[in-house]
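A.B. asks: Any chance you could fold what I've pasted below:
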Amino acid sequence: MNRAERTLAWALVAVIVSLLLVGVVSHTPLRHAVQVSPMVVVLGFRLARFGWSRFAAMAMLAFWLCIMVLIWLYLLGITKVVTGTFSVAEIALTVAIGLGSAVGIGAAFLARDSSRWPTRLAVFLVAAAIQVATTWLSVQPGLEHR
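C.D. replies: Here you go, the predicted model:
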């Protein structure tokens, strides 16, 4: 595994752990476990050296980076797309998630593989859809406060 591949794997770990810690701090561990489950699978594919997995990771990390930016914009009073009350610990974890996501996206661009562009695009789109779907599922009444 080269440096970019290791960095991507560690970035995924950092985002997964940070999101799980948000679940602990906010008393919603099940909700956050559901949210990270697709990234855990992608991390497994990444560690198994499936080259196309970098595009799945890129999609999921981009999703979380966008969510963190929306939270920061809310905290700065700029927009109200994402609302809520955030503890100091949760705000610190948004920084960790945002940094991990940005570093991971950069590493994904630097990693190399032999997959073809149609495969890369399909993996990116499917991974993005899975991340959106699991996040939507995690806020449904059965899981919302668990």
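
A.B. asks: Where does pLDDT dip in this protein?
C.D. replies: 144-146 (pLDDT under 70).

A.B. asks: at 50 what do you get?
C.D. replies: Applying pLDDT under 50 to the chain flags no residue at all.

A.B. asks: For the nearest residue to residue 132 once chain neighbours are set aside, give its distance to residue 19.
C.D. replies: Leaving aside its sequence neighbours, residue 132 sits nearest to residue 63 (Cβ to Cβ, 6 or more residues apart in numbering; 6.9 Å). Every C-beta, even on glycine, is put in place using the N, C-alpha and C of the backbone. Distance, residue 63 to residue 19, using Cβ to Cβ, to the nearest Å: 11 Å.

A.B. asks: ok, now residue 90?
C.D. replies: 11 Å.

A.B. asks: ok, which stretches of this structure are strands?
C.D. replies: Using DSSP state E, the chain contains no strands.

A.B. asks: pretty sure residue 125 is in contact with residue 59, am I right?
C.D. replies: Yes: counting by Cβ atoms under 8 Å, residue 59 is a contact partner of residue 125 at 7.4 Å.
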